[in-house]
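> sequence isn't available, so here's the structure alone:
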């Protein structure tokens, strides 16, 4: 009886260990090298969400999007902020570690083409108590990178 219980516990622990190993060593697919579901500009993307959030969310959320925009900020931890000069909103993209090297050749103000998975949208609402509220919408992307001509 004790031996059977011990064998079952060992098998469960081995299964748990194998599952953890496979989950943490599994490499995510490179979304930047895939064909995009949509290709547009940052201005068009922000306008679509500002015009009709529901339709734009159904169309873009969890899809691979390629777009061009002005680089507003580069964070050394691996994210960039893009936008369109004529739009108050911004697009925040978490850069896939495999594509961080492509950031080195770019600086604030450059127009770049990026690709990633659109993950969320939030609209800032104007508030009399918050001076920074109402400055525009924020789109968030994950698993992204700057597209280079050879890709």
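It's in. Worth saying up front: this structure is predicted, and the values here are computed from it rather than measured.
> starting at the chain centroid, how far to stretch 30-41?
Centroid separation for stretch 30-41 versus its chain: 12 Å, with CA atoms, centre = their mean, to the nearest Å.
> shaky segments in the chain?
For the chain, applying pLDDT under 70 flags the ranges 124-136, 148-151.
> just the helices in it please.
2-25, 42-51, 53-60 (DSSP state H).
> and for the second one, what's in contact with it?
It stands for helix 42-51. Helix 42-51 is contacted from outside by 55-57, 59-60, 65, 67-70, 82-84, 86-87, 89, 91, 121, 123, 136-137, 139, using CB atoms under 8 Å, 6 or more residues apart in numbering. Heads up, the C-betas are built off the backbone N, CA and C, glycines and all.
> list the buried residues of that helix.
By neighbour count with 16 or more other CB atoms under 10 Å, helix 42-51 contains the buried residues 42, 43, 45, 46, 47, 48, 49, 50.
> measure the second one to residue 68 for me?
Look at residue 43 and residue 68: by CB to CB, to the nearest Å, they are 9 Å apart.
> re earlier: now the contacts of helix 42-51: which count as buried?
Among the contacts of helix 42-51, the ones that count as buried by 16+ other CB under 10 Å are 56, 60, 65, 67-70, 82-84, 87, 89, 91, 121, 137, 139.
> quick one: which of those sit in strands?
65, 67, 68, 69, 70, 82, 83, 91, 121, 137, 139 (DSSP state E).
> wouldn't the last one be in contact with residue 120 here?
Read that as residue 139. Yes: the criterion here is CB atoms under 8 Å, and residue 139 meets it with residue 120 at 7.4 Å.
> so which of the helices of the chain is nearest residue 103?
Evaluated with CB to CB, the helices of the chain place helix 42-51 nearest to residue 103, the distance being 17.2 Å.
> okay, and the beta partners of residue 90?
With DSSP bridges applied, residue 90 shows beta-bridge pairing to residue 138.
> tally of neighbours for it?
Number of residues near residue 90 (other CB atoms under 10 Å) recorded here: 20.
> thanks again, I'm all set now.
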